[in-house]
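Trainee: Build me a structure from this.
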Amino acid sequence: MPDAYPPAAPAISLIIPTFNEAATIGPLLAYLRAEIDDSTELVVVDGGSTDPTPRLAAEAGARVLASTRKGRAAQLNYGAAQASGDILYFLHADSHPPPGFERDIRRAVAAGAGSGCYRLAFDHGHWFLRLNAWMTRWPVLWFRFGDQSLFVRKKLFAQVGGYREDLLVMEDQEIVERLQRAAPFRLLPRAVVTSARKYLVNGVFRLQGIFALIVLLYRLGVPQARLLRVYRALVRQGKL
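Mentor: Residues are numbered from 1 along each chain as shown. The predicted model follows:
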């Protein structure tokens, strides 16, 4: 376990939304518990899993909350509302931040960042996935997605109104846009490693094409209900 921070260091609440993540939540929480200091809160917000996700998360030492609504935005807001930390760190259940991530986040906040994220890496060596990951080093909104994780000062999160719960698609990019307008946003130089499972199930190029289509339709103002239908019709093993 890393050295403890002084009492004055801001506490972090790490918030993970889940829905049927029994295969990933145990190993992720074991990794996180080996990395965090005693002041960090691990919060798992479950959206009604039908597998043992909540039990496995509790056994791994997380505080498990049952969200009143399913949906990533609603679950993250629910977790944030009950979190005790000064800094909120949102992380997907199939993503691992780099060792020493708490130090990175605290340093960024101490330097004036209101929010920020890491670059992205995949746990698979396909050349196109490596290219996609390489693109996330650029400070361009179109390359900001939830898989990169997100840290934000709790007061700033409340100030911007949290995640928009009416968005079931693109909620991650939308909040980053508001956060960037409200306070300095820091792109951290290391990477979160995320699972390529969805790409492997759907086909790397096929899934990237679907994601590009959804982003384009979102930017053109297509209603969420239609975007959700497109996602559900095209993405195999999607959870929306």
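
Trainee: C-alpha only now, for contacts and for neighbours.
Mentor: Noted.

Trainee: C-terminal to the helix or strand harbouring Ala57, what's the next element?
Mentor: Ala57 belongs to helix 53-59 when assigned by DSSP states H and E. Remark: after helix 53-59, the chain's next helix or strand is strand 63-66, criterion DSSP H and E.

Trainee: How about residues contacting whatever helix or strand Leu14 lives in?
Mentor: Here Leu14 is covered by strand 12-18, with elements defined by DSSP H and E. Residues outside strand 12-18 that contact it (CA atoms under 8 Å, 6 or more residues apart in numbering) are 39-47, 49, 53, 72, 75-76, 79-80, 83-93, 102.

Trainee: Try it again at 7 Å.
Mentor: Contact with strand 12-18 is made by 40-47, 72, 75-76, 79, 83-93, as judged by CA atoms under 7 Å, 6 or more residues apart in numbering.

Trainee: try stretch 56-71
Mentor: Outside stretch 56-71, the residues touching it (CA under 7 Å, 6+ apart) are 22, 25-26, 29-30, 42-48, 54, 75, 78, 168.

Trainee: can you name the two of the residues you listed that are farthest apart?
Mentor: Across the contacts of stretch 56-71, the longest distance by CA to CA is 29.1 Å; it joins Ala30 and Leu168.

Trainee: Next, the buried residues of the longest strand seen in the chain.
Mentor: What stands out as the longest strand in the chain, according to DSSP state E, is strand 185-194. Under the neighbour-count criterion of 16 or more other CA atoms under 10 Å, strand 185-194 has 185-188, 190-194 buried.

Trainee: What strands flank it, and is each parallel or antiparallel?
Mentor: strand 95-96 (antiparallel), strand 115-122 (parallel) (DSSP bridges).

Trainee: Summarise which helices and strands the helix or strand following the longest one is packed against.
Mentor: Where DSSP H and E defines the elements, the next helix or strand beyond strand 115-122 is helix 127-135. In terms of contacts (3 or more CA pairs under 7 Å, 6 or more residues apart in numbering; DSSP states H and E), helix 127-135 is packed against strand 115-122.
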